[in-house]
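In: sequence unavailable; structure follows:
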């Protein structure tokens, strides 16, 4: 695959969606609008799922808390003529291709941070699950 | 399937923590259910999600062939319990690809408790084809990294990591 060089704009089909392949991703650099969009959706998805899957007085702990990939598309609404984000797919962690560079030399800090975050999330998830089981 | 559910219930009763939770596995790739949740969230947040329409099982093949033969540009037909564009019918789908997608349809009636996947149609989104998709990876409730992907003419997936996304109001 031809990996774009840092800070080279990626222009496809006349649309510039940003700059590819940097080092550390920060929400400030990435775009607050986009970050808030996905985090708002995630929080509500988790809430709906836990509400709907909880049963017998037990709270369901959604796996979306551990790791999920949200696939976002753009579409233009014919009503207001504006571009909108839309969540096109929700792929759970265990079923998700990671789309990361696979060698240590080119793995960006953001991806390294991600892998550590997943490990911590699984640990927290397990602790909460065990506590729930013990308290029931 | 019944044996699987009984085994899972037994494991959970033994205070075993499983990740992914078997309950999560049962709703993985339930795209219609997911869409219903996404639509409800979109309504609450003021974001629009394009509508989908379920296709009755007996109409699946005729509608799919109609989309391919007529080169219908307006709609895309997709299936739940599928991933990686394995069951996506659009104007560019070939007859051979369609035959492959529909090959298993006749077996679902005898699948028992596993259930039949649902086909549905949604509007064709030209921007998805023109600029691809943005994939956001979230762990422990935080946004960790973002990749941008597009399907190339040879149907292979091209991807790269993204560190900046242009605000929507800067597009014409």
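Out: Here it is on my side, so go on. What you see is a predicted model; the values in this text were computed from it and never measured. Numbers count the residues shown, from 1 in each chain, chains lettered A, B, ... in the order given.
In: for the chain, which segments count as helices?
Out: Let's take chain A. A:27-30, A:32-53, A:109-135 (DSSP state H).
In: not quite, I wanted chain B
Out: B:2-13, B:22-27, B:31-45, B:60-70, B:95-102, B:126-131.
In: point out where the chain drops to low pLDDT.
Out: The chain I'm using is chain A. Applying pLDDT under 70 to chain A picks out residues A:1-30, A:55-58, A:101-107, A:132-136.
In: oops, chain B please
Out: For chain B, the ranges with pLDDT under 70 are B:1, B:12-14, B:109, B:111-114, B:172.
In: wait, residue A:39 touches residue B:144, no?
Out: No - the pair residue A:39 / residue B:144 is not scored as a contact, 11.5 Å apart, by CB atoms under 8 Å. From N, CA and C alone the C-beta is placed, and that goes for glycine too.
In: can you list residues touching both of these two?
Out: Jointly contacting residue A:39 and residue B:144 under the rule CB atoms under 8 Å, 6 or more residues apart in numbering or on different chains are residue B:138.
In: those two - which one has more neighbours?
Out: Between residue A:39 and residue B:144, counting by other CB atoms under 10 Å in any protein chain shown, residue B:144 is the more crowded of the two (20 against 17).
In: one step back: could I get the helices of chain B as a markdown table with distance to residue B:89 and mean neighbour count?
Out: Output for those, formatted as a markdown table (distance: least, CB to CB, whole Å; neighbours: other CB atoms under 10 Å in any protein chain shown):
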| stretch | distance to residue B:89 | mean neighbour count |
| --- | --- | --- |
| helix B:2-13 | 30 | 12 |
| helix B:22-27 | 24 | 17 |
| helix B:31-45 | 14 | 17 |
| helix B:60-70 | 5 | 16 |
| helix B:95-102 | 6 | 14 |
| helix B:126-131 | 14 | 16 |
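In: in CSV: those, plus distance to chain A.
Out: Below are those laid out as CSV (distance: least, CB to the nearest CB, whole Å):
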stretch, distance to chain A
helix B:2-13, 8
helix B:22-27, 4
helix B:31-45, 4
helix B:60-70, 19
helix B:95-102, 18
helix B:126-131, 4
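In: let's have those in a markdown table, adding distance to residue B:157.
Out: Formatted as a markdown table, those follow (distance: least, CB to CB, whole Å):
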| stretch | distance to residue B:157 |
| --- | --- |
| helix B:2-13 | 32 |
| helix B:22-27 | 25 |
| helix B:31-45 | 19 |
| helix B:60-70 | 22 |
| helix B:95-102 | 16 |
| helix B:126-131 | 13 |
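In: point out the most buried one among the helices of chain A.
Out: Counting by mean count of other CB atoms under 10 Å in any protein chain shown, helix A:32-53 has the highest mean neighbour count of the helices of chain A, with a mean of 17.
In: how far off helix B:31-45 does that one point, in degrees?
Out: Counting by axes from the mean of the first three to the mean of the last three CA atoms, to 10 degrees, helix A:32-53 lies at 120 degrees to helix B:31-45.
In: near chain B at all, helix A:32-53?
Out: Yes - applying CB under 8 Å from any CB of the partner chain, one finds helix A:32-53 in contact with chain B at A:33-35, A:37-45, A:48-49, A:53.
In: check which helices and strands that helix sits against.
Out: strand A:67-76, strand A:83-92, helix B:22-27, helix B:31-45, strand B:133-139, strand B:142-151 (3 or more CB pairs under 8 Å, 6 or more residues apart in numbering or on different chains; DSSP states H and E).
In: out of those, nearest to residue B:122?
Out: Of all those, it is helix B:31-45 that lies closest to residue B:122, at 8.3 Å by CB to CB.
In: quick one: residues in contact with stretch A:112-120.
Out: Contacts of stretch A:112-120 (CB under 8 Å, 6+ apart): A:24, A:66, A:67, A:93, A:100, B:137, B:139, B:140, B:142, B:144, B:145.
In: nope, stretch A:93-100 is what I meant
Out: With contact meaning CB under 8 Å, 6+ apart, stretch A:93-100 is reached by A:63, A:66-69, A:107, A:111, A:114, A:118, B:19-20, B:28-29, B:83, B:135, B:137, B:139, B:145, B:147, B:149, B:159, B:161.
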